[in-house]
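K.L.:
coords please:
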Amino acid sequence: MELPKPTPFLMRRVPFFILYALCGPLALLILIIYWRDTPTNDRGPYLFFSVVFSLFFITKIIPDGLLRIVIFSATYTLVLFVTYIILDRKRNRHDNE
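P.N.:
This next block holds a predicted model:
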């Protein structure tokens with residue numbers, strides 16, 4: 001019996017989330033490199049958010065400058081985490097009923 005391959009650290013949910021919030025093109029490149037090692041159910045969302053944040057990065061919607069990027073990314077990360085937690089609770093509550 002063959003053991004499943006462990007997920008690389010950067011392809012886990014939280015590190016990848018922080019990575020694409022800071023630099024979308026880099027996250028997209030890492031996703032392409034680790035495509036086969038990424039769990040199948042995570043590939044779609046990772047690809048979607050990597051492409052969206054790459055477009056934000058290219059079109060300069062994300063501000064320039066390290067301090068501005070860090071503040072923007074921290075705020076956006078907090079908003080996405082809160083949204084994810086709320087949606088997850090609603091989904092779990094709906095599944096339990």
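
K.L.:
Show me where this structure has its helices.
P.N.:
13-22, 24-33, 40-58, 66-96 (DSSP state H).

K.L.:
As a markdown table, the ones you listed with mean neighbour count and mean pLDDT would be great.
P.N.:
(C-beta placed from N, C-alpha, C; glycine too.) Converted to a markdown table, those look like this (neighbours: other CB atoms under 10 Å; pLDDT from 0 to 100):
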| stretch | mean neighbour count | mean pLDDT |
| --- | --- | --- |
| helix 13-22 | 18 | 80 |
| helix 24-33 | 18 | 88 |
| helix 40-58 | 15 | 87 |
| helix 66-96 | 11 | 78 |
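
K.L.:
closest to Lys5 out of those helices?
P.N.:
Between Lys5 and the helices of the chain, the tightest spacing by CB to CB is seen for helix 40-58, at 12.4 Å.

K.L.:
ok, back up a step: reformat the helices of the chain into CSV and put distance to Pro6 next to each item.
P.N.:
Output for the helices of the chain, formatted as CSV (distance: least, CB to CB, whole Å):
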stretch, distance to Pro6
helix 13-22, 14
helix 24-33, 16
helix 40-58, 14
helix 66-96, 24
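
K.L.:
Report the contact partners of the spatially most central residue of the chain.
P.N.:
Central residue of the chain (CA atoms, centre = their mean): Phe17, 3.0 Å from the mean position. Applying CB atoms under 8 Å, 6 or more residues apart in numbering, we find Phe17 in contact with Phe49, Thr77, Leu80.

K.L.:
Nice, that's everything, thank you.
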